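Peer 1: have a look; sequence and predicted model below, questions after that.
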Amino acid sequence: MKPATFVYALVTLSLLLASAPPAAAQIPDFCYEFNDQDGDRYVYGRTGLVCPREDCNDSDANIHPTATEVCGDGVDQDCDGADLPCPGADDDRDGFLATSAGGQDCDDHNPAIHPGATEVCGDGQDNDCAGGDQVCATDADHDGHSNTTDCNDNEPSVHPHALELCGDGVDQDCAGGDPACVADADGDGALATAMGGDDCDDFDRATHPGAEELCGDGRDQNCDGNDAPCAGTDPDNDHDGHLAPNAGGDDCDDRSPDIHPGANEVCGDGLDQDCNGLDLSCTAQSGDADGDGRLSPEAGGDDCDDGDAATYPGAPEVCGDGRDQNCDNNDATPGASSLCETLPTTNASFEAIREHSVVRHNNTPSSCQSVGGGGSAGLFLLLGLLRRRVTQR
């Protein structure tokens, strides 16, 4: 063989050896002898640097990293950490079978939706698969009853326990209908006021003119217009500093010291702690979240931004900041509001527009302007001349 041919063959062999894949690391036989009890040729048991641990179940030869996974049998055949769900059984892998597979997951394409998940009210989804979206509790008419029990949450005179008026086509007490007007609906022998009688509550047999009045219960059994005060009782029974109504006071519940005018109102509990006739909606919280002295719309006020103490009706308006401080539904802007000529502004571009407008309208040159041009050009010309004289020296 010629030397050149030999060298060429040697180089070719070297390249082939260099490009060949490395041989797989050999696992010693003792690794299988002591750490492969099921004989599937995958190591389990105690291992170290020499014997790699691969098998997840050393008592079943059908379970190892290269085994065929069987879906939906609850067994992890291929040791990937989970059983393979069958198509349509648990597609979102949230651990709950779809209803089509005999499970209770009402949306098997969303892992956040399944039995036991946290229900989010008003999102249009049945998160916990309980049969529908939960209604968010609100009290739009501020009558102390949320929309979950109030059959008309836009009318404060309609709510559970409201005085029912017969024959007006309105279900005031949310009892399921408007009762027909009859001469004596409760059968107490006194005609209803709606029928020309004097029974002030014809749906309560214990209430009619001449009935026995129960003192201090907050009701007017004998239709005289008042609840009788209890003789010898304390006119301030709960000792909260406010007299009961039957003693000429303003305490709407003289049995609880936490209920009186000026008390701290707790939102959404169905109680009128401050005796203003309403339970505070929780969407309004305190009613004045920013402490600017104006109530939020949810609390019956007119504060258009109850998260900003600088925003309320009558607040100083800031020109051109994109906000409505005085709650007039507009931000004062240059060119659109004469207020911007006097109001402060936090927007530099608007300030520049305003200053330019003032100069243009007054036709008065700025103190920075020269006869030959703008103020900036004159300043640069002066600086250039001074620099030139210094250089010449």
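Peer 2: Everything's here; your move. Residues are numbered from 1 along each chain as shown.
Peer 1: neighbours of Pro28, how many?
Peer 2: Neighbour count of Pro28, defined by other C-beta atoms under 10 Å: 9. Every residue, glycine included, has its C-beta placed from N, CA and C.
Peer 1: separation between the closest residue to it other than its chain neighbours and Val43?
Peer 2: Spatial nearest neighbour of Pro28, excluding adjacent residues (C-beta to C-beta, 6 or more residues apart in numbering): Val50 at 6.3 Å. Note on Val50: its distance to Val43, by C-beta to C-beta, to the nearest Å, is 10 Å.
Peer 1: quickly list what's touching both of these two.
Peer 2: Common contact partners of Val50 and Val43 (C-beta atoms under 8 Å, 6 or more residues apart in numbering): Ile27, Cys31.
Peer 1: which of the helices or strands spans the residue nearest to His145 when sequence neighbours are not counted?
Peer 2: Using C-beta to C-beta, 6+ apart and skipping residues adjacent in sequence, the residue nearest His145 is His159, 4.1 Å away. Following DSSP states H and E, there is no helix or strand that holds His159.
Peer 1: check the one 5 residues further on too.
Peer 2: Following DSSP H and E, there is no helix or strand that holds Glu164.
Peer 1: who touches it in this structure?
Peer 2: By C-beta under 8 Å, 6+ apart, Glu164 lies in contact with Asp171, Gln172, Asp173, Ala175, Asp178, Pro179, Phe203.
Peer 1: mark which of the residues you listed are buried, thanks.
Peer 2: Neighbour-count burial (16 or more other C-beta atoms under 10 Å) applied to those gives Asp171, Gln172, Asp173, Asp178, Pro179.
Peer 1: what about Gly132, neighbour count?
Peer 2: Around Gly132 there are 10 residues (other C-beta under 10 Å).
Peer 1: so it: helix, strand or coil?
Peer 2: At Gly132 the chain is in coil, as set by DSSP: H, G, I helix; E, B strand; the rest coil.
Peer 1: which one's more surrounded, Val50 and Val43?
Peer 2: Remark: of Val50 and Val43, Val43 carries more neighbours, 21 against 11, as counted by other C-beta under 10 Å.
Peer 1: could you find the closest non-adjacent residue to that one?
Peer 2: Asn35 (4.6 Å).
Peer 1: quick one: pLDDT of that neighbour?
Peer 2: With respect to pLDDT, Asn35 scores 81.
Peer 1: same check on Asp76?
Peer 2: For Asp76, the model assigns a pLDDT of 91.
Peer 1: from Thr138, how far off is it?
Peer 2: In terms of C-beta to C-beta, Asp76 sits 48 Å off from Thr138.
Peer 1: can you tell me the closest non-neighbouring residue to Glu212?
Peer 2: Once flanking residues are discounted, Glu212 sits nearest to Gln221: 6.4 Å by C-beta to C-beta, 6+ apart.
Peer 1: Glu33 sits in which helix or strand?
Peer 2: helix 29-35.
Peer 1: so which bits of that helix are buried?
Peer 2: Buried residues in helix 29-35 (16+ other C-beta under 10 Å): Cys31, Tyr32, Asn35.
Peer 1: rebuild the residues you listed as a markdown table, extending it with distance to Asp240.
Peer 2: Shown next, in a markdown table, are these (distance: C-beta to C-beta, whole Å):
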| residue | distance to Asp240 |
| --- | --- |
| Cys31 | 82 |
| Tyr32 | 84 |
| Asn35 | 78 |
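Peer 1: out of these, flag the one nearest to His208.
Peer 2: Asn35 (92.8 Å; C-beta to C-beta).
Peer 1: distance of that closest one from Asp133?
Peer 2: Distance from Asn35 to Asp133, by C-beta to C-beta: 54 Å.
Peer 1: ok, Asp238 next?
Peer 2: The value you get for Asp238 to Asp133, if C-beta to C-beta is used, is 42 Å.
Peer 1: likewise for Cys121?
Peer 2: 7 Å.
Peer 1: for these two, indicate the residue with more neighbours.
Peer 2: Higher neighbour count among Cys121 and Asp133: Asp133, with 15 against 11, using other C-beta under 10 Å.
Peer 1: wait, what's in contact with that one?
Peer 2: Counted by C-beta under 8 Å, 6+ apart, Asp133 has contacts Glu119, Cys121, Gly122, Asp123, Gly124, Gln125, Asp126, Asn127.
Peer 1: before I go, just wanted to say thanks for your time.
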